[in-house]
Each structure stands twice: as C-alpha cells, then as structure tokens.
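**Student:** missing the sequence, but the structure's below:
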Ligand code: PGA
C-alpha cells in the first residue's frame, strides 16, 4: 500500500503575522505542482492569518504545542479548541525542544495526544534519541519507551488518525542529518514496534516523517527510503525558496539504484 507523503514545516519561534502572510502568499503558487501533502506549524499568533492566506490551497496549518486540558486556570497555556477556533488542523506534540527545554515527559505528552484526539485535531507525535543514548546503544529501548508511554491507551483506530515523526535530538538544528541508512533502519524499527503493539494494518497506514537538519540536498534521498513517508523541517522551512525545493523534491532511492548498477 502507498502511504500519504507529507512535507511539514516547523517555524518554531519565528515570524510575525505579517511575515507569515507574506510567506504564504509567495509559497502557495510556487508549490502548485507538488505531489505531497504540505503542513505548516506556525506560531500561535500567526495561525489565523496563515490559515486564511492558505485557504483553498490544500495546505494544512497547525500549531507546535498545546495544553492537555480542555480549558482551565493555566496561565499562558493554550487549549486545542482555541487552536481549532483560529484554523489549526494539526498540532505537533512531544517535540524534543518541548521535552528538553520545558521538561515535558512522555506521560504529559500522552495526555496531550489524548486531548488532541478528543478535540479532533490531528496529532503529529515526535520521538527521538539523544547522542548519548545512540552512542550507548540505547536507540531501540529509548524510542520504544517514548512511543509506548506517549501512545498509551490509544486504540489502533485512534493511532491511524495520527502522524509520527522520528527526530533524532542530535540532528535537530545541528546541521547533522541522519544518513538515509540510519534513518531507514530506525523508521523500520519504529514501524515494527507499532505493528507488534497495534497490528500490521495500523503500522502500514501510519505516516512516519523524518526530522533533523533536512535540506533541499538530502530531502529526496531521505524520502526515497521505504519507511520514510516525508520530512519535518525546521530551519530550512523558514525561507520560501528553500522550503519550496523540499516540497517539490521527489523521493529518490539512490541506495537501491546504486545496488542495481
Ligand atoms: P531542523 O529542525 O530542521 O532545524 O533540524 C527540525 C525540527 O525541529 O522539527
């Protein structure tokens, strides 16, 4: 079966409302010929402007985080229903910057995932190991733990409405990308783990994106791997020109073609 291919941009804490609208106005016509789904995770303040500017383009605008409660006395937090109210269609949850800089545990991320399911806002769940964990041979253990804790209690049907992103912490914002071999091997391991816990059908349907220093020069090869269903792009999504290159990049399996040479 062919899974949906997604190219997602994560602007992090960059761009004003005006910047966002200007970006979208030049981005939309430039990606007319795309063959993938396009997601843009923008700052909260830019969601409304960006989603209005994207109207009719098929681009999904979303948020980078949300609270786990429906509403309440949580100063400075934002609820899923508020995100939907301004046009967000998806939300990134458990990004490594949230886990590392804001102390978010997988148990907390799990409550957010459940809230997103309740609010019917598509959850893009991120997992990834640190360099120390990779060097200590703890990749499988770390990722399985993050996954089982973040997805605890979810049914196969619920999981099939989500997107997973593998973002090795050592590759996020560092300029170091996982090689296509390492990324493919890890994605395959994640998919096998999903199959063991939620069944083969769910594992086959779930898009798994790779994130961490994706650039125009490595996007095609990464997306050419069997278990990589798209990319989650931070820094390189901030410039329209660079992100257009990534959105228009076609998957290319150079490893397989090299073997056949
Ligand atoms: P990067 O960020 O592309 O700048 O490494 C990826 C991400 O954090 O989603």
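**Tutor:** Arrived safely, thanks for sending. Just so it is clear, the model here is predicted, and its values are computed rather than measured.
**Student:** now do the contacts for residue 53.
**Tutor:** Going by C-beta atoms under 8 Å, 6 or more residues apart in numbering, residue 53 touches 20, 21, 24, 25, 28. (Each C-beta comes from the backbone N, C-alpha and C, glycine too.)
**Student:** now it: how far from residue 114?
**Tutor:** Distance check for residue 53 against residue 114: by C-beta to C-beta, to the nearest Å, it reads 31 Å.
**Student:** same question for residue 250.
**Tutor:** According to C-beta to C-beta, residue 250 stands 36 Å off from residue 114.
**Student:** who has more neighbours out of those two?
**Tutor:** residue 114 (17 against 12; other C-beta atoms under 10 Å).
**Student:** in what helix or strand does that one lie?
**Tutor:** Assessed by DSSP states H and E, residue 114 sits inside helix 106-119.
**Student:** how many other residues sit next to residue 152?
**Tutor:** 14.
**Student:** three-state assignment of it?
**Tutor:** At residue 152 the chain is in coil, as set by DSSP: H, G, I helix; E, B strand; the rest coil.
**Student:** quick check, pLDDT for it.
**Tutor:** Listed pLDDT for residue 152 reads 98.
**Student:** any idea how far the residue of the stretch 1-150 of the chain found nearest the ligand is from residue 211?
**Tutor:** Among the residues of the stretch 1-150 of the chain, residue 10 lies closest to the ligand, at 4.2 Å counting by C-beta to the nearest ligand atom. Distance of residue 10 to residue 211, given as C-beta to C-beta: 8 Å.
**Student:** now do the shared contacts for the two.
**Tutor:** The contact lists of residue 10 and residue 211 share 232, 233, 234, where a contact means C-beta under 8 Å, 6+ apart.
**Student:** please narrow those to those residing in strands.
**Tutor:** 232, 233 (DSSP state E).
**Student:** switch the shared contacts of residue 10 and residue 211 over to a markdown table; also include neighbour count and distance to residue 217.
**Tutor:** Putting the shared contacts of residue 10 and residue 211 into a markdown table (neighbours: other C-beta atoms under 10 Å; distance: C-beta to C-beta, whole Å) gives the following:
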| residue | neighbour count | distance to residue 217 |
| --- | --- | --- |
| 232 | 26 | 17 |
| 233 | 28 | 13 |
| 234 | 22 | 16 |
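**Student:** for the residue of the stretch 101-250 of the chain found nearest the ligand, which non-adjacent residue is spatially closest?
**Tutor:** Per C-beta to the nearest ligand atom, residue 234 is where the stretch 101-250 of the chain lies closest to the ligand, at 2.3 Å. Ranked by C-beta to C-beta, 6 or more residues apart in numbering and with sequence neighbours excluded, the top spatial neighbour of residue 234 is residue 10, at 5.0 Å.
**Student:** and stretch 161-169, how far from the chain's centre?
**Tutor:** Relative to its parent chain, stretch 161-169 has a centroid offset of 5 Å by C-alpha atoms, centre = their mean, to the nearest Å.
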